[in-house]
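Student: Kindly generate the corresponding structure for this input.
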Amino acid sequence: WADEWDAGDDAGYQREIEAIKELRSKAIRSGDAARFAKELDVSPENIRRALGQFRRSTGIGADKIAVFRDLESLPDQALVEVGEIIRNSIRHVVPPDTVLINLMCLLGKSSGGSRTIALASSFYRLLMKLAAERIQEWDSTHAGPWDSAVRNNSCVRAHVLRALDIELAAHKGDTQVHLL
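Tutor: Here you go, the predicted model:
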């Protein structure tokens with residue numbers, strides 16, 4: 001897997017770190033991070049709603065928060081503090097260290113071979129549940145017909161549209177290039 005993930009590419013790793021630092025600075029300078037943090041509903045009621053959406057059998061990430069149901073039963077004041085941690089993490093674009101660790105698990109496939117799944121931290125998964133509506137809104141306004149990882153879209157539909165573009169360009173004598 002090291003070759004597959006370019007694990008030994010130190011120069012590439014440094015470029016990625018610099019790109020992340022630049023994106024973080026841009027999010028802070030523009031005020032986007034602060035606005036998003038302020039607008040996100042991290043009320044105890046909404047945190048409980050989000051926690052209630054996780055299956056009891058969900059895997060635990062590196063932060064070892066094993067039972068979302070236990071968090072649900074915390075008193076309101078404790079959930080207010082959890083909400084403030086989430087809000088500060090977004091505002092400063094600095095997640096807890098454990099959010100940066102994903103456990104990669106190799107699963108066998110019934111048809112043979114294997115695939116990996118990532119067990120993300122519970123903090124990250126809770127944040128994504130809380131932000132899901134905003135993310136879906138952004139997806140619906142920014143996604144193009146070529147995007148296959150969008151709600152109510154399929155990779156087959158995206159492939160057919162790309163193939164149609166290529167065929168139409170060939171018919172007109174134009175050149176068409178699609179980067180995936």
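Student: Can you give me the end-to-end span of stretch 57-64?
Tutor: Its start and end residues considered, stretch 57-64 measures 14 Å (Cα to Cα, to the nearest Å).
Student: wait, I meant stretch 44-58
Tutor: For stretch 44-58, the end-to-end distance is 22 Å (Cα to Cα).
Student: And the residue nearest the centre of the chain, which helix or strand is it part of?
Tutor: The centroid of the chain falls nearest to M128 when counting by Cα atoms, centre = their mean (6.9 Å). Assigned by DSSP states H and E, M128 belongs to helix 122-142.
Student: Report the rounded mean pLDDT for that helix.
Tutor: In this model, helix 122-142 has an average pLDDT of 88.
Student: Equivalent analysis for stretch 15-31, please.
Tutor: 93.
Student: Show me what that stretch is in contact with.
Tutor: 33-34, 92-93 (Cβ atoms under 8 Å, 6 or more residues apart in numbering). Bear in mind the C-beta positions are built from the backbone N, C-alpha and C, glycine included.
Student: Can I get the residues you listed in TSV including neighbour count and secondary structure?
Tutor: TSV is the format used below for the contacts of stretch 15-31 (neighbours: other Cβ atoms under 10 Å; DSSP: H, G, I helix; E, B strand; the rest coil):
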residue	neighbour count	secondary structure
A33	19	helix
A34	16	helix
H92	14	coil
V93	19	coil
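Student: how about the helix or strand where R115 lies: buried residues?
Tutor: Under the criterion of DSSP H and E, R115 resides in strand 114-119. By 16 or more other Cβ atoms under 10 Å, the buried positions in strand 114-119 come out as L119.
Student: Perfect, I'm done here.
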